[in-house]
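Visitor: the sequence and its predicted three-dimensional model are supplied below.
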Amino acid sequence: MLLLKKTFTIIYLLMVTTLFGQNKNFQIADGVINYLDLFNSSDNPNVSCYRIPAMATAANGDLIVAIDERVPSCDDLKWSKDINIVIRRSSDNGKTWSPIEKIVDFPLGKSASDPSMIVDNITKEIFLFYNFMDLDNEKDVYYLHVIKSKDNGKTWSQPEDITPQITKQEWHNDFKFITSGRGIQTRSGALLHCMVNLNNGLRVFGSNDHGKTWFFRDTPLFPADESKIVELADGSWMVNSRSNNTGIRHIHMSQDEGKSWKTIEEPLLIDPGCNASIIRFTAKADGYNKNRLLFSNAKSDKDRVNMTVRISYDEGKTWSEGKTIYEGDSAYSSMTIMDNGDIGLFFEKDDHTENAFVSFSLNWLTDGKDTYKKPNK
């Protein structure tokens, strides 16, 4: 099976094809550079499934993907005594990947879930967040952890519990979690991320000292399940939120660094109530010719299908119809911009049996209407 996958990958890299392997629903068109299934439980009989993808580009250009290794079952954190965080790394823009490496592995009865990352491009550190539970001693009590890497994901620090810094004491027994996927670094250097309390709303949290200490903005956002934050060109913050049972996304905007927010429905972005990804591709402030945002999700108002990537040129006011990456069963996704300017997408595919990495160019995404160019410096 592994040999077959490698053979297809080699064939594809030698000649651009419109169909990958034997999966008739996965149409690979010109400009899609690579497709690989990075985590598949059928390759490991001791793992029930891999879930909850996260991806980031390290300061040196390496790609890092992280995901839950769910051992006894595919259940979420509060129902599983053995979930670990595993990663793979690529130093060639996703063409080849390191073996699976377990970086968070507690004794049986303690589990870690829902990885997310922020890359600090000033200090070159990577922050990897996850949610922790001791099911034997404090079942249903969520703790929020972070680990750090100073060498582009090769080694990682011991876990730090940041729960007291980004939550309230009275939330001790609440269903709370850091949203999976990724956070951001603002132009000023601040680190920002999203934390959900399902009883009490979403809060933005972050750090102004490169992760030495953490703050949170105690202004709740509704509706907002798993969400992502981006900084807009004018410096304002925008949170793009999963909104269950509505069929669309919701947008929260702040012009005062999270002290107050304006919430609007986003009917252009239909959604089945699923985690998604929104990232900045380019900014005029960085010397590029256009401001560009990217958004990926299961583009459907009911079912987790039709993984699609869209682009916005007006800071999220309007969005393209997007390009379908995969028509079939699709769920959580995470995007990054690779060192060569291509777009990387890591997503759950076919009821979590596969966790696919694909990469493609801006030219392909826009049907030749837009091309990535490095800024003149």
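Guide: Thanks, I have the structure now.
Visitor: what residue of this protein is the furthest out?
Guide: Asn137 (30.3 Å; CA atoms, centre = their mean).
Visitor: Leu108: what's it in contact with?
Guide: Lys81, Asp82 (CB atoms under 8 Å, 6 or more residues apart in numbering). Any C-beta I mention is one placed from the backbone N, CA and C, and that applies to glycine too.
Visitor: excluding chain neighbours, what is closest to Ser111?
Guide: For Ser111, ignoring the flanking residues on the chain, the nearest one in space by CB to CB, 6 or more residues apart in numbering is Ile83 at 4.0 Å.
Visitor: my guess is that neighbour contacts Leu77, does it?
Guide: Yes: counting by CB atoms under 8 Å, Ile83 touches Leu77, with 6.3 Å between them.
Visitor: more neighbours, the two?
Guide: Ile83 (32 against 22; other CB atoms under 10 Å).
Visitor: dump stretch 215-234 to PDB, restricted to CA.
Guide: In PDB, the C-alpha atoms belonging to stretch 215-234 read as follows (Å, rounded to 0.1, in the frame of the first residue of the first chain):
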ATOM      1  CA  PHE A 215      -3.500  37.500  28.500                       C
ATOM      2  CA  PHE A 216      -7.100  37.100  27.500                       C
ATOM      3  CA  ARG A 217      -9.700  39.600  26.400                       C
ATOM      4  CA  ASP A 218     -12.800  39.100  28.600                       C
ATOM      5  CA  THR A 219     -15.300  40.100  26.000                       C
ATOM      6  CA  PRO A 220     -17.400  37.000  25.000                       C
ATOM      7  CA  LEU A 221     -18.200  36.400  21.300                       C
ATOM      8  CA  PHE A 222     -21.400  34.600  20.200                       C
ATOM      9  CA  PRO A 223     -22.100  32.600  18.200                       C
ATOM     10  CA  ALA A 224     -18.600  31.100  18.100                       C
ATOM     11  CA  ASP A 225     -17.500  27.600  18.400                       C
ATOM     12  CA  GLU A 226     -14.100  26.700  16.900                       C
ATOM     13  CA  SER A 227     -12.800  29.900  15.300                       C
ATOM     14  CA  LYS A 228      -9.800  31.500  13.700                       C
ATOM     15  CA  ILE A 229      -8.500  35.100  14.000                       C
ATOM     16  CA  VAL A 230      -6.700  37.300  11.300                       C
ATOM     17  CA  GLU A 231      -5.400  40.800  11.400                       C
ATOM     18  CA  LEU A 232      -6.800  43.000   8.700                       C
ATOM     19  CA  ALA A 233      -4.800  45.600   6.700                       C
ATOM     20  CA  ASP A 234      -6.100  48.500   9.000                       C
END
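Visitor: report the buried residues of that stretch.
Guide: 216-217, 219, 221, 223-232 (16 or more other CB atoms under 10 Å).
Visitor: which one of those residues sits closest to Ser41?
Guide: Glu226 (22.5 Å; CB to CB).
Visitor: the closest one touches Asn244, doesn't it?
Guide: No: in this structure, Glu226 is not within contact of Asn244 by CB under 8 Å, at 9.8 Å.
Visitor: about what we covered before: find residues that contact each of Ile83 and Leu77.
Guide: In contact with both Ile83 and Leu77: Ser111, Ser113, using CB under 8 Å, 6+ apart.
Visitor: give me the distance between Thr167 and Ser113.
Guide: For Thr167, the distance to Ser113 equals 17 Å [CB to CB, to the nearest Å].
Visitor: what about these two, which has more around it?
Guide: Ser113 (25 against 22).
Visitor: residues contacting the more buried one?
Guide: Ile52, Asp68, Asp76, Leu77, Ile83, Ile85, Tyr130, Asn131, Phe132, Met133.
Visitor: next: Asn291.
Guide: Contacts of Asn291 by CB under 8 Å, 6+ apart are Ala233, Thr282, Ala283, Lys284, Tyr313, Asp314, Glu315.
Visitor: quick check, pLDDT for the residue minimising distance to the centre of the chain.
Guide: With distances taken as CA atoms, centre = their mean, Gly181 lies nearest the centre of the chain, 2.5 Å away. Gly181 is assigned 98 on the pLDDT scale.
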